[in-house]
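Participant: Pasting the sequence and the predicted model now:
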Amino acid sequence: MHMADALISPAVGGVMWAAAVGTAAYSIKKIRNEMDEKKIPLMGVMGAFVFAAQMINFTIPGTGSSGHIGGGILLAVLLGPYAAFLSMASILLIQALFFADGGLLAFGSNVFNMGFYTCFIAYPLIFRWITRKGMSSRRIITASLISVVIGLQMGSLSVVLQTLSIQIGIPFSTNGSAYFKCRSP
């Protein structure tokens, strides 16, 4: 689900960068006020684990593409949403810079799509709601599966919307296919 730079316009990239930076700044502020110093080593260890786990791709049969696990929910459960979001942003930055998973223009989109939805929507609204009456194996598994699927779907829908936003204003012919006019200088 890493978006490449070519999939979005600079305007969308700028807006998503602003959203990611704003969320990161808010997360830093919350961590300074609420974070236990003992969680800092856990952030590093879990960030390294999720980074390594996300580097393992699985072929999606019949599509010519591949996918990998997302670690946002795992990080949010163990670290809380703010530390998890910052860890995901760090992981995605390393993947973009050193492994060509996404680009720098699309970095804000990737952070938002893979970090925000899992850490700030799927975790508190789904995982915690399902486990609110206590932790049992069944509740943890159910909450994990449902929150991971919903977080992934929200991120996927966001990719589609961000990608489509570059096409706003492109005229469509009567048969529904887009056409482009090429002009020589």
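Facilitator: Alright, I've got the coordinates. Residues are numbered from 1 along each chain as shown.

Participant: Going by C-alpha atoms from here, please, whenever you check contacts or count neighbours.
Facilitator: Fine.

Participant: ok, for the residue nearest the centre of the chain, nearest residue in space, not its chain neighbours?
Facilitator: By C-alpha atoms, centre = their mean, the chain has its centre lying nearest to residue 114, at 0.9 Å. Nearest residue to residue 114, sequence neighbours excluded (C-alpha to C-alpha, 6 or more residues apart in numbering): residue 155, at 6.0 Å.

Participant: avg pLDDT for the strand or helix carrying the one you found?
Facilitator: For residue 155, the host element (DSSP states H and E) is helix 137-164. Helix 137-164 carries an average pLDDT of 88.

Participant: Check which helices and strands it is in contact with.
Facilitator: With contacts taken as 3 or more C-alpha pairs under 8 Å, 6 or more residues apart in numbering; DSSP states H and E, helix 137-164 sits against helix 72-79, helix 128-130.

Participant: Buried residues, that helix. List them.
Facilitator: Judged by neighbour count (16 or more other C-alpha atoms under 10 Å), helix 137-164 contains these buried residues: 139-140, 143-144, 146-148, 150-152, 154-156, 158-159, 162-163.

Participant: tell me the angle that helix makes with helix 72-79.
Facilitator: Between helix 137-164 and helix 72-79, the angle comes out at 130 degrees (axes from the mean of the first three to the mean of the last three C-alpha atoms, to 10 degrees).

Participant: how much distance is there from helix 137-164 to the middle of the chain?
Facilitator: Put simply, helix 137-164 sits 10 Å off its chain's centre (C-alpha atoms, centre = their mean, to the nearest Å).

Participant: all helices of the chain, in order?
Facilitator: Secondary structure of the chain, counting by DSSP state H: helices at 10-34, 39-54, 72-79, 81-99, 107-111, 128-130, 137-164.

Participant: Could you single out the most deeply buried of those?
Facilitator: Greatest average neighbour count among those goes to helix 107-111 (a mean of 28), per mean count of other C-alpha atoms under 10 Å.
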